[in-house]
Every structure is written in C-alpha cells, then in structure tokens.
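Student: turn this into a model:
(chains A and B)
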Amino acid sequence: MSSISVQNLHASINGQEILRGLDIAFSQGEVHAVMGPNGSGKSTLAKVMAGHPDYEVTEGDIFLDGESILEMEPDERARRGLFMAFQYPVEIPGVSNANFLRAALQAKLPQGEELDATDFYHRLYEKMDLLEMRREFTARSVNEGFSGGEKKRNEILQLAILEPAFAVLDETDSGLDIDALKVVANGVNKLRGPKLGVLLITHYQRLLNYIVPDFVHVMHAGKIVLSGGKELALELESKGYDWLKEEDAETPAISHAAVTK
Amino acid sequence: MSTANNTIEIDRSVGDFHFDIKSARDAGTGLTESTIDYIVDAKQEPDWIREFRKNAFQIFKDKPLPTHWASHELDAIDFDKIRYYLASGEAAKRSWEEVPDEIKQTFERLGIPESERKFLAGVEAQFDSEAVYSNIKKAVSDQGVIFVGSTEGLKQHPEIFRKWFGKVIPTGDNKFSALNSAVFSGGSFIYVPPGVKVKHPLQAYFRINAENFGQFERTLIIADEGAELMYMEGCTAPKFTTATLHSAVVELVAMPGAKIQYVTVQNWSPNVFNLVTKRGMAMEEAEIKWIDCNIGSRLTMKYPGVVLKGRKARGEVISIALAGDGQHQDTGAKMIHAADETTSNIVSKSISVGKGRATYRGLVHVPKHLKGCKNNTECDALLINAHSRTDTYPAITVRGTGNATQHEASVSQISAEQIFYMQQRGLSEGQAMSLAVNGFVNDLVRQFPMEYSVELKRLIDLEMEGSVG
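Tutor: A predicted model of the protein is given here:
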C-alpha cells in the first residue's frame, strides 16, 4: 500500500511564505478532508504537491513511499500516481477530451508501447457511464465552453480514467450548485476504494455530507492545526473558523500567523 | 510493433540523410546562357523553350531582389554558387524495380512506394532535377488523364501545354518566377479531360539530394470543364551547411465547373531557401483550393493565389506555417477577384517557436465594377516562446458597393497554466506543447487527407520536442 507523507513543508510564492511547516500523511484507501478558512494555504498545498512551477519549497519535504518527489517534474509525479483535480480546470482549445485522455494514458506507458485504441474507448465509455456523461462529450475540446459543473465532472472523469494511487481534489465543490455537487460527490464515491487515497480540500462542510471522510484536518495560516475524525467537520460547521484566530492569540507557537489577519 | 525502433530512428532524422550519387548530367556551378543551353540540350527540348528560357534569364538578371519589402535574408543566396541542373540522364522509370538502388532507398525511407500502393492514383518522384519514377494507375490513364513530367508534357502535348504554360504566372511576375522559367526542370504536367473526376489523389514527391543545389520544378495542371482532381506534393532535403534553393512555379487552370485541390506538406531542412510562386486561374463556377503546410526551411516565401476569372468562381487558401528556431515563414495568400459573384476564403494559422518568425502577407483585390463578391480572411498566430515573432500584413482592397469582406486576426500564446495542467496529467512539457499546437491547427488539419494529417501531426511533434529544454 502506497502512502504520501508531507513533512514540515514550507513553501512560498513571489517571496511570500504561504505554507509554514505543514505536516500531513495519508495512504491509499483513505479519504482525508483538509478544511480551513480562505487564505489558509489549502490550494497552495495542492499545487505544491503537484509541482506547480510558481511555488518554491524552502524547507521540508514530500515523500511518496519514502522517496522525495520535490525534484520531480509535475509530469513525473503524475505518472507516479499523484493526481490533482483543479479548482479552475484549464481550457485546451482544439484538443478533444478523447485525444487528451488518450495522450495522458499513453504517457504512462513505457516507451515503445502503444495504447490499444479499442481498449481505450471501451474504458472511456465505461467510466463515462459510471459518471453519467453523454458520449458526445468525448469530441468536445478539453474544458472549452464547459459550465462550471461540466468542468468539475471532467476532472472526475480524468481521475477515473487515469486511476492514480492518490487524488488531491482542490476545492472541487467551489462554484457548484447542489445538483452538480451531488453528481461530482457521487462520482468520487464510486471511485473510492482500497486503491485510492483522497485528499479532499474544501472550504465548506457541505461537500462532506456527500463524501464522508475518514479523517478531517483543519488548516490555518499554512499549517495543520487540528486533526480528528469525521465529526470534526460538523464541529467546524457549527463553530465556523473564527475560533482559530482566537487560538492564534493564545498559542505562542503559531502566533506569528496572526499578522496575516 | 516490430518496426518501432526503425520508425523512431527515421522520425528523428526526418529527411536528413543523403547518398553520394554521381550525376551523369551536371550543368556545373553558376548561371549563364551556356547553363541554359546545357539544360535545353540535355533535355532535348524544342527551340521555343530555348527562347523562352533565355528571355526569362534576361528578366531574372534585370529584376532586383524584392528586399524593399521582403526579408534581407535573401541577400544570403549566392546565385553563382548554385548548381542548376543535376540528373542521371535516364528517363523516369515506370516500375519501381527499375529505379536505381540508392534512389529507391531514399524514397523507400520516405515512404513513397507504400503510399502509392495504399491510396494514390499516380505518383511522380523527383530526385534533384528530374523525375526518377513516374507512374499512373491504368484505370486513371484510361480515362484520358495525362500525368507526366513537365519536359514530357511540353514535348508530347504541346497543344495543351503551350496554351497555358506561363499564362497564369507570367515569367516576369517576380525574380524567382523568372529564375524558374529560365532553368526549370521536373515538376508535373497534368491534364484531366472534361467531366473526369479523379477519385484518388495524384502525388509528387520532391527530393533534393545534392549540396549547393537549386531545384526548380515546374508544374502545370489543367482540369477541363467539370473535371475534378486532388494533387499532393511532399518535399524534403538533407541538412547541409550551405544554402540550397528550391524555387518552384506551379500554375493551375480550372476550366468552368472544374475543381482542383492542391495539397502541400513540405518539411525542408533549415538550410533551404524555399521561394515558390503558386497561382491558379478559376473560370466560371470553378473552384481552386490550396492547402499549404510549411514546416522547416531557412526562409519560405510563398503566397498561393487564385485569379477568380469567371462568374461564381471560388478560391480558397488554407495554410499552416510552423517557424522553428531561426526560421522565417513568410507566407500568405492572394485572391484576385475578376468576375461577379466570386468568393474567396483565406484561413491561415502560424506557429512561431524559439526565435522563429512567422509572417502573414495577404492580398485580396476586388475592383469597383464587380458585384456580389465575398472574401473572408482569418489569420491566427500562436507564439510559443518569449522571443518568437509574428507579423501580419493583410492588404485588402474591396471597392464598389455590392461586395463584402470580413477579416479576423488573433495572436495567442500557450499559457504556463495549460502546460502545467497537461503535465499534471502525465504529459511531458514537450508532449504538452505538441498537443496544444496540434489543438491550435486541428480545425485546419481535419481538411487534409488522412495520410497527410498524420504526417503533419508527427512533424509538429518533432518540432515541439526540440522547443523545450
């Protein structure tokens, strides 16, 4: 069983530190939710894990099965089984969904091996049926002219096709109405299982009504400040995030974070 | 696939290999009247051609290089150091087996006989100055279709050849059309009789093998009333350190109701100056479509055009240009409306990589006395790197009241976010670039014949692979 371990991670963008000593670990088969107020660094965590070139890791490390991935290009991390569902999926004009997925699957194969076209379409249609997507979708350009819901559903389709060991879902619920949210959550639930570890990044508790996590972590000012079981999410719902700021004042260890207020 | 390794090796070298081949006929280096006499004698051409060539040579000498508007890179061409005619002295073979081994190997490496078997109605393969292989399927020649080299055309079919030769593109059109007219050799002559629709494409393949060489093929295609034809050409040359010149002239004549599609996929090595004049004349209700894809070369200057001479004639230019690092693709289209209710469409997409430069030059002319003419021009440029460059020079003159024109242009860049997104799905940076570029030209590539669109995708992949580091 594979696992990811993030240790004392510090990362900045344009010289500004966003992650300030973050620790989190998760394994295949588990669903972890990371919650926190805006600006706590949730999306940064996702991007740094995926290797976004704008972020610089200044301290700490990320291990995949004990091996540091920090020196790996984003595509190598992806081929090693790390998937990220984007908060804002990118449009790629002129490239059909089918061609894109095919290219992505092909990239995972060893050099010289060709993806079998029949198998590919078989697999694609199977996953599309699972996510209740219409066939004409395959011919449309990647995310181009998609509604918010379609884009997010497309991310889940890519997740389904690529079958990574780990999926980081970055605010997958943002911008979705309740029906779209249900569809997306339903998709993730269908993909849940012993072979997939999920890091669910969300601002709102409502997503966790549909995707019930095994663990919940609360993030604030670039660190995980509290971890617990799924009941922690409900507690957050009733208390909101304001108490974190009060704790800042009381806890010297993280008091420097208060300046971001 | 068992041949996988083999294919990859060829992919990387593209056309970059050559064999040392002795040419029995060699006009030597430099251009004088005696070079022209040598060519005419070697080809045993009639006197009217000798005169035609000598007249053209005079015009060539008198005309300055067009550097007042075109690139000064042209100054790098040393006309005295070019070899103007190289050939084995043997007639083109009708069967593949008869082609000399080394030449056969060259074309086999480029996939020529295979594609003929698969989907073509006829093939001509030109090696340096002359066709080494020329074959047309019997079913097609039985329909009265003529498909021969230009020399055979002018000797065997003077009644059709002379009527149109040099009429669409006059010798003095530009310095390079004059040069071609002086020293032309090879290229195709095609005549399709009235009403004959050639189902499969005819193809010519142009290969430069020798260093310091100039290839000057001359193609004349006539589709008689209601006839239809698709012609495709592919071009390659090995990578030499010195300049090689390719300067073709292609004339198309579409008689009333005829349709001609002319498809080019060129992949020149970066030492080639590719200066080509291509124009068609479309009579009443005729249609001429140029599909032009320019990859490679040091400098390409090419503006396929259509003279819309008859009422309701249609002209179209679909072009893709990829300017790699250090290359300049100066391409575009010309649409000369000369009759009522004529329509023209120009869609041009260019990609500039590294310090590559893509220039679009368009000329659309609709005079005042015409009615009901329409033109649509779209040019889109994609810049890959910060130093890439693109320029657009559209010249559209539409006079009179009953005519319409529409022009759109865009410049875009592949964003870092797009690349990151694709990389996150497992594609390398180069693969991601390649996919984005293929996406950019996708709507045009779909208009290419299948075999060529696959080839084009492969060429784009190769170019983009080298663009990231």
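
Student: so how far is residue B:446 from residue B:247?
Tutor: 31 Å (CB to CB, to the nearest Å). Just so you know, the C-beta spots here come from the backbone N, C-alpha and C atoms, and that holds for glycine as well.

Student: the more surrounded of the two?
Tutor: residue B:247 (24 against 10; other CB atoms under 10 Å in any protein chain shown).

Student: so who does the more buried one touch?
Tutor: B:176, B:179-180, B:214-216, B:273-276 (CB atoms under 8 Å, 6 or more residues apart in numbering or on different chains).

Student: for chain A, which residue gets nearest to chain B?
Tutor: residue A:94 (3.0 Å; CB to the nearest CB).

Student: could you list the low-pLDDT ranges of the stretch 351-469 of chain B?
Tutor: B:466-469 (pLDDT under 70).

Student: let's see that with 90 instead.
Tutor: B:353-354, B:384-389, B:392-403, B:413-414, B:430, B:443, B:445-469 (pLDDT under 90).

Student: same question for the stretch 101-250 of chain A.
Tutor: A:110-113, A:117, A:130-133, A:136, A:148-149, A:172-180, A:183-184, A:203-206, A:230-250.

Student: could I get the full set of strands for it?
Tutor: A:141-142, A:166-170, A:197-202, A:215-220, A:223-228 (DSSP state E, counting those that start in this stretch).

Student: list the helices and strands the shortest one packs on?
Tutor: Helices and strands touching strand A:141-142, as assessed by 3 or more CB pairs under 8 Å, 6 or more residues apart in numbering or on different chains; DSSP states H and E, comprise strand A:92-96, helix A:97-108.

Student: next one: the second one
Tutor: The contact analysis (3+ CB pairs under 8 Å, 6+ apart) places strand A:166-170 against helix A:42-50, strand A:82-85, strand A:197-202.

Student: TSV for those, including distance to chain B and mean neighbour count?
Tutor: Shown next, in TSV, are these (distance: least, CB to the nearest CB, whole Å; neighbours: other CB atoms under 10 Å in any protein chain shown):
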stretch	distance to chain B	mean neighbour count
helix A:42-50	5	24
strand A:82-85	5	26
strand A:197-202	14	25
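
Student: now tabulate the ones you listed in JSON lines and tack on distance to residue B:44.
Tutor: Shown next, in JSON lines, are these (distance: least, CB to CB, whole Å):
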{"stretch": "helix A:42-50", "distance to residue B:44": "70"}
{"stretch": "strand A:82-85", "distance to residue B:44": "70"}
{"stretch": "strand A:197-202", "distance to residue B:44": "79"}
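
Student: what about these, which gets the closest to residue B:338?
Tutor: For residue B:338, the closest of the helices and strands packed on strand A:166-170 is strand A:82-85, at 57.6 Å, according to CB to CB.

Student: by contact count, what packs against that closest one?
Tutor: Against strand A:82-85 (3+ CB pairs under 8 Å, 6+ apart) you get helix A:42-50, helix A:148-162, strand A:166-170.

Student: what comes up buried for the helix or strand containing residue B:55?
Tutor: Secondary structure from DSSP states H and E places residue B:55 in helix B:47-62. Neighbour counts using 16 or more other CB atoms under 10 Å in any protein chain shown place B:49, B:52-53, B:56-57, B:59-60 of helix B:47-62 among the buried residues.

Student: which one of those residues is nearest chain A?
Tutor: Nearest member of those to chain A, counting by CB to the nearest CB, is residue B:60, at 42.7 Å.

Student: okay, residue 77: pLDDT?
Tutor: As the question left the chain open, I've gone with chain A. Per-residue pLDDT puts residue A:77 at 97.

Student: switch to chain B, please.
Tutor: pLDDT at residue B:77 comes out at 91.

Student: please enumerate the helices of chain B.
Tutor: Residue ranges of the helices in chain B, as given by DSSP state H, are B:4-13, B:33-43, B:47-62, B:101-109, B:112-119, B:138-141, B:150-156, B:158-164, B:175-183, B:416-424, B:429-445, B:450-465.

Student: can you tell me which of these is nearest to residue A:75?
Tutor: Of the helices of chain B, nearest to residue A:75 by CB to CB is helix B:416-424, at 4.2 Å.

Student: correct me if wrong: residue B:54 contacts residue B:36.
Tutor: Yes - contact criterion CB atoms under 8 Å: residue B:54 and residue B:36 qualify, at 5.9 Å.

Student: so what sits against both of the two?
Tutor: residue B:182.

Student: the stretch 101-250 of chain A against chain B: which residues are in contact?
Tutor: For the stretch 101-250 of chain A, the residues in contact with chain B (CB under 8 Å from any CB of the partner chain) are A:103-105, A:107-108, A:112, A:114, A:141, A:158, A:162.

Student: mind running it again at 10 Å?
Tutor: A:101, A:103-109, A:111-114, A:141-144, A:158, A:161-162, A:164, A:168 (CB under 10 Å from any CB of the partner chain).

Student: buried among those? Need that as a selection in PyMOL.
Tutor: Applying 16+ other CB under 10 Å to those, the buried members can be selected in PyMOL as follows:
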select buried, chain A and resi 101+103+104+105+107+108+141+142+143+144+158+161+162+164+168
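
Student: ok so, going back, output the buried residues of helix B:47-62 as a markdown table; include the columns distance to chain A and pLDDT.
Tutor: A markdown table is the format used below for those (distance: CB to the nearest CB, whole Å; pLDDT from 0 to 100):
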| residue | distance to chain A | pLDDT |
| --- | --- | --- |
| B:49 | 47 | 96 |
| B:52 | 46 | 97 |
| B:53 | 46 | 97 |
| B:56 | 44 | 98 |
| B:57 | 47 | 97 |
| B:59 | 44 | 97 |
| B:60 | 43 | 97 |
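
Student: ok, so of the residues you listed, who is nearest residue A:197?
Tutor: residue B:60 (72.2 Å).

Student: how near is the closest one to residue B:45?
Tutor: Looking at residue B:60 against residue B:45, where the rule is CB to CB, the gap reads 18 Å.

Student: what's the answer for residue B:420, then?
Tutor: In terms of CB to CB, residue B:420 sits 61 Å off from residue B:45.

Student: who has more neighbours out of those two?
Tutor: residue B:420 (22 against 17).

Student: how close does that one get to chain A?
Tutor: Separation of residue B:420 from chain A (CB to the nearest CB, to the nearest Å): 6 Å.

Student: how about the contacts made by that residue?
Tutor: Each residue near residue B:420 by CB atoms under 10 Å, 6 or more residues apart in numbering or on different chains is listed here: A:47, A:50-54, A:74-75, A:84, A:86, A:90, B:429, B:432.

Student: closest to residue B:325 out of those residues?
Tutor: Nearest to residue B:325 among those, with distances taken as CB to CB, is residue B:429, at 16.0 Å.

Student: count of neighbours near the closest one?
Tutor: That count, for residue B:429 with other CB under 10 Å as the rule, works out to 19.

Student: my guess is it meets residue B:464, correct?
Tutor: Yes - in this structure, residue B:429 is within contact of residue B:464 by CB atoms under 10 Å, at 9.5 Å.

Student: which regions of the stretch 101-250 of chain B sit below the pLDDT cut-off?
Tutor: B:101-141, B:149, B:186-187, B:199-215, B:232-244.

Student: contact residues of it facing chain A?
Tutor: Going by CB under 10 Å from any CB, none of the residues of the stretch 101-250 of chain B are near chain A.

Student: cool, and the stretch 301-450 of chain B?
Tutor: Going by CB under 10 Å from any CB, the residues of the stretch 301-450 of chain B near chain A are B:412, B:414-432, B:434-446.

Student: pretty sure residue A:35 is touching residue A:240, no?
Tutor: No - counting by CB under 10 Å, residue A:35 does not reach residue A:240; the two are 11.2 Å apart.

Student: who has more neighbours, the two?
Tutor: The residue with more neighbours, out of residue A:35 and residue A:240, is residue A:35; 26 against 9, by other CB under 10 Å.
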